[in-house]
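In: Sharing a model that was predicted from the sequence below.
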Amino acid sequence: MTDLVVKTSSGNVRGYEQDGVYGFRGIPYGAPTGGTSRWKAPKPPTPWTGVKDAIDFGPWAPQPGIDIPADSPMGNFFRDAPKSEDCLVLNVWTTGLEDSTPKPVMVSLHGGAFTLGSGDLAPETLVQRGDVVVVSMNHRLGLLGHLYLAEIGGEEWADSGNAGVLDVVLALEWVRDNIAAFGGDPNRVMIFGCSGGSSKTLALMGMPAAKGLFHRANPIDAPFMKGCEPAIATTIAEETLANLGVGHDQLHRLYDMSWEQLLSAQNIDIAGELAAGSNRDRVLRYYPVVDGRSLPAHPFDPVASALSSDVPMMIGTSRDSMTMLMLAQPWFGSLDEAGLYEIANRQTGTAGENIVAAYRRTHPDWSPTEIACAIVTGRVMSARTVTLAERKALDGHAPAYLYRWDYKAPGMGGIAGARHGGELPFVFKMIGKKSSAGFGDLSPFEGDRPEDYVMQELVSEAWVRFAHDGNPNHSGLPTWLSFSPEDRSTMIFDQQCRVANDPEPEIRAAYEQVPEDRWM
């Protein structure tokens with residue numbers, strides 16, 4: 001392992017070299033966000049003298065602890081780590097520095113529904129290809145990132161509803177100003193992420209401050225088309241203040257509370273609210289607000305934002321996305337017909353019976369539990385993902401490539417199917433790998449099958465090609481046409497990858513009858 005030093009706009013950082021990859025972890029891109037800096041737009045870090053070590057990951061953003069059994073595969077994703085409001089740090093992996101040919105930059109935005117997660121990654125195998133630079137980051141989450149206090153407290157709190165995504169904008173500005181020193185091309189930046197990372201990607205596409213900071217976008221399995229309305233965000237803030245015992249004239253008390261005290265008021269139950277058929281405001285609670293300032297309008301509702309009309313998109317969803325979150329529901333595996341219709345109506349309102357009928361005709365061998373999980377997936381993820389692709393295609397200025405992840409994972413006995421975020425281990429070439437960062441098996445669900453290595457090459461190549469030129473096509477895949485409302489071309493990633501025009505049209509048509517207030 002060899003030391004190396006790179007100059008950034010805030011000071012010199014020392015990284016490391018391992019197996020041909022240069023890594024830089026925990027680089028500050030923003031100042032601490034505690035105390036009176038809470039709910040403010042982020043500021044750049046104070047410049048430092050000398051050389052700052054960038055060997056270890058930085059602290060995670062404050063977030064609730066997750067009680068994960070030691071033998072659970074999820075323990076690899078939600079392990080215990082130091083948390084701090086001095087969390088605006090990013091990580092860079094590259095195979096060449098500023099004297100090399102500039103490479104496209106893949107900026108990974110972590111998942112976690114605006115509430116959980118971190119940018120801790122182990123993308124070395126992908127980076128070893130030598131033709132991309134990978135960046136990840138931490139940023140404010142939960143109520144510290146999105147407690148909208150502007151209507152209660154006035155100008156001092158003007159940026160409070162979008163502090164977390166403004167952090168990401170600042171990180172992208174850091175990439176613009178510094179990535180060339182790490183061998184990256186600031187004019188070929190791709191933002192991508194699954195779940196919460198997808199939602200952040202789409203929010204950025206509607207933010208004026210982010211325009212020009214990225215040039216391709218890959219939202220995966222979370223079609224975030226609408227931000228939170230100010231009135232709803234204010235109601236959520238009112239409930240939060242009441243939980244904290246803080247009055248309208250006492251907002252400055254929020255600066256003095258510990259972050260642990262503040263997070264105790266969040267009251268978020270993502271899986272339970274999804275199973276109950278709740279809307280976004282109950283499921284997410286704290287997420288980007290259409291404040292007329294940093295997010296002036298919904299990013300993809302009723303149409304795609306013109307701010308990012310020139311950005312090509314690769315848009316994905318997973319066939320069994322929500323099955324994993326439904327495993328703990330008391331009905332899982334034993335649902336009867338009456339229970340199925342109850343769930344269908346709760347999830348999709350007046351369209352429930354027609355949607356069940358469409359699944360029955362399309363998949364006559366599916367059990368009530370399988371159909372119920374598919375309906376949760378359809379309402380929360382897959383049906384609106386098609387709508388997202390439609391709106392991007394109708395914008396007409398840059399292509400949208402739509403795909404569905406059907407490749408089933410064998411982990412946990414295969415019960416999760418083609419799971420939420422299942423493509424990410426293949427994108428990062430993690431199959432069969434152990435983490436150099438010390439957090440175990442990187443593909444606990446996928447296993448280590450021979451066919452997984454074939455899929456890994458097909459998938460990672462598509463993502464790298466998209467990062468390079470905004471088109472995921474390569475010789476290992478069938479020709480993948482961009483999506484249009486007429487032919488609805490969709491890549492199906494499965495044991496045999498194929499392109500289907502409008503897969504499962506009867507189910508798609510049934511979801512078009514879902515009332516607007518039922519959508520996530």
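Out: Thanks, I have the structure now. Numbers count the residues shown, from 1 in each chain.
In: In the stretch 1-150 of the chain, what residue spans correspond to strands?
Out: Listed in chain order, the strands of the stretch 1-150 of the chain (DSSP state E, counting those that start in this stretch) span 2-7, 12-18, 21-28, 51-53, 89-94, 103-108, 133-137.
In: right, and those strands - which one's nearest Ala338?
Out: The closest of these to Ala338 is strand 103-108. By C-beta to C-beta, the value is 43.5 Å. (Each C-beta comes from the backbone N, C-alpha and C, glycine too.)
In: What is that closest one packed up against?
Out: strand 133-137, helix 163-178, strand 184-194, helix 450-469 (3 or more C-beta pairs under 8 Å, 6 or more residues apart in numbering; DSSP states H and E).
In: Not counting its own residues, what contacts the shortest one?
Out: Contacts with strand 133-137, where a contact means C-beta atoms under 8 Å, 6 or more residues apart in numbering, come from 29, 88-94, 103-110, 119-121, 123, 126-127, 167-168, 171, 175, 179, 182-184.
In: And it, what's buried?
Out: Residues of strand 133-137 classed as buried: 133-137 (neighbour count, 16 or more other C-beta atoms under 10 Å).
In: Report the rounded mean pLDDT for that strand.
Out: Mean per-residue pLDDT for strand 133-137: 97.
In: for the longest one, same thing?
Out: If you average the pLDDT over helix 450-469, you get 96.
In: What of stretch 33-49?
Out: Averaged over stretch 33-49, pLDDT sits at 97.
In: Dump it to PDB, keeping only the CA atoms.
Out: What follows is stretch 33-49 as a C-alpha-only set of coordinates in PDB (Å, rounded to 0.1, in the frame of the first residue of the first chain):
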ATOM      1  CA  THR A  33     -23.900  21.100  10.300                       C
ATOM      2  CA  GLY A  34     -24.600  21.200  14.100                       C
ATOM      3  CA  GLY A  35     -25.800  24.000  16.400                       C
ATOM      4  CA  THR A  36     -26.800  27.200  14.600                       C
ATOM      5  CA  SER A  37     -25.800  25.600  11.300                       C
ATOM      6  CA  ARG A  38     -28.700  23.200  11.500                       C
ATOM      7  CA  TRP A  39     -31.300  23.500   8.700                       C
ATOM      8  CA  LYS A  40     -29.100  26.000   6.800                       C
ATOM      9  CA  ALA A  41     -27.700  25.600   3.400                       C
ATOM     10  CA  PRO A  42     -24.300  24.000   3.700                       C
ATOM     11  CA  LYS A  43     -21.000  25.900   3.600                       C
ATOM     12  CA  PRO A  44     -17.700  24.700   2.200                       C
ATOM     13  CA  PRO A  45     -15.200  23.400   4.800                       C
ATOM     14  CA  THR A  46     -12.600  25.600   6.500                       C
ATOM     15  CA  PRO A  47      -9.400  25.100   4.500                       C
ATOM     16  CA  TRP A  48      -6.700  23.200   6.200                       C
ATOM     17  CA  THR A  49      -2.900  23.400   6.100                       C
END
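In: quick one, helices of the stretch 351-500 of the chain?
Out: 352-362, 368-377, 383-395, 424-427, 450-469 (DSSP state H, counting those that start in this stretch).
In: Out of these, which is closest to Trp480?
Out: helix 450-469 (8.0 Å).
In: Buried residues in that closest one, which are they?
Out: Buried positions in helix 450-469, judged by neighbour count with 16+ other C-beta under 10 Å: 452, 455-456, 459-468.
In: follow-up on the earlier one: could you dump the helices and strands packed on strand 103-108 into TSV with distance to Ala210 added?
Out: Below are the helices and strands packed on strand 103-108 laid out as TSV (distance: least, C-beta to C-beta, whole Å):
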stretch	distance to Ala210
strand 133-137	14
helix 163-178	5
strand 184-194	9
helix 450-469	18
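In: give me every residue that touches Leu4.
Out: 14-17, 22, 97.
In: what's the helix or strand for the spatially most central residue of the chain?
Out: In the chain, the residue lying closest to the centroid (C-alpha atoms, centre = their mean) is Gly197, at 1.4 Å. Assessed by DSSP states H and E, Gly197 sits inside helix 196-204.
In: Quick check: mean pLDDT of stretch 173-185?
Out: Averaged over stretch 173-185, pLDDT sits at 97.
In: Can you tell me what sits against that stretch?
Out: Against stretch 173-185 from outside (C-beta under 8 Å, 6+ apart): 6-9, 22, 24, 29, 90, 92, 94-98, 100-105, 107, 133, 135, 186, 189, 213.
In: List only those of these flagged as buried.
Out: Buried, going by 16+ other C-beta under 10 Å: 6, 8, 22, 24, 29, 90, 92, 94-96, 102-105, 107, 133, 135, 186, 189, 213, out of the contacts of stretch 173-185.
In: What is the burial count for Pro230?
Out: 16 (other C-beta atoms under 10 Å).
In: ok, now how distant is it from Ile236?
Out: 11 Å (C-beta to C-beta, to the nearest Å).
In: can you check Tyr511 too?
Out: 28 Å.
In: quick one, phi/psi of the residue of the chain positioned farthest from its centre?
Out: Here the centre of the chain is the reference, and by C-alpha atoms, centre = their mean the most remote residue is Asp249, at 35.8 Å. Dihedral angles of Asp249 (phi, psi; degrees, to the nearest 10) stand at phi -90, psi 10.
In: for Val311, what are its contacts?
Out: With contact set as C-beta under 8 Å, 6+ apart, Val311 has these partners: 205, 214-217, 398.
In: Strands - which of these land there?
Out: 216-217 (DSSP state E).
In: Adding neighbour count as columns, could you present the contacts of Val311 in a markdown table?
Out: Shown next, in a markdown table, are the contacts of Val311 (neighbours: other C-beta atoms under 10 Å):
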| residue | neighbour count |
| --- | --- |
| Met205 | 24 |
| Phe214 | 22 |
| His215 | 21 |
| Arg216 | 25 |
| Ala217 | 26 |
| Ala398 | 19 |
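In: and the contacts of Val311 as JSON lines, adding distance to Leu477 and pLDDT?
Out: What follows is the contacts of Val311, written out as JSON lines (distance: C-beta to C-beta, whole Å; pLDDT from 0 to 100):
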{"residue": "Met205", "distance to Leu477": "25", "pLDDT": "98"}
{"residue": "Phe214", "distance to Leu477": "24", "pLDDT": "98"}
{"residue": "His215", "distance to Leu477": "22", "pLDDT": "98"}
{"residue": "Arg216", "distance to Leu477": "18", "pLDDT": "98"}
{"residue": "Ala217", "distance to Leu477": "20", "pLDDT": "98"}
{"residue": "Ala398", "distance to Leu477": "20", "pLDDT": "97"}
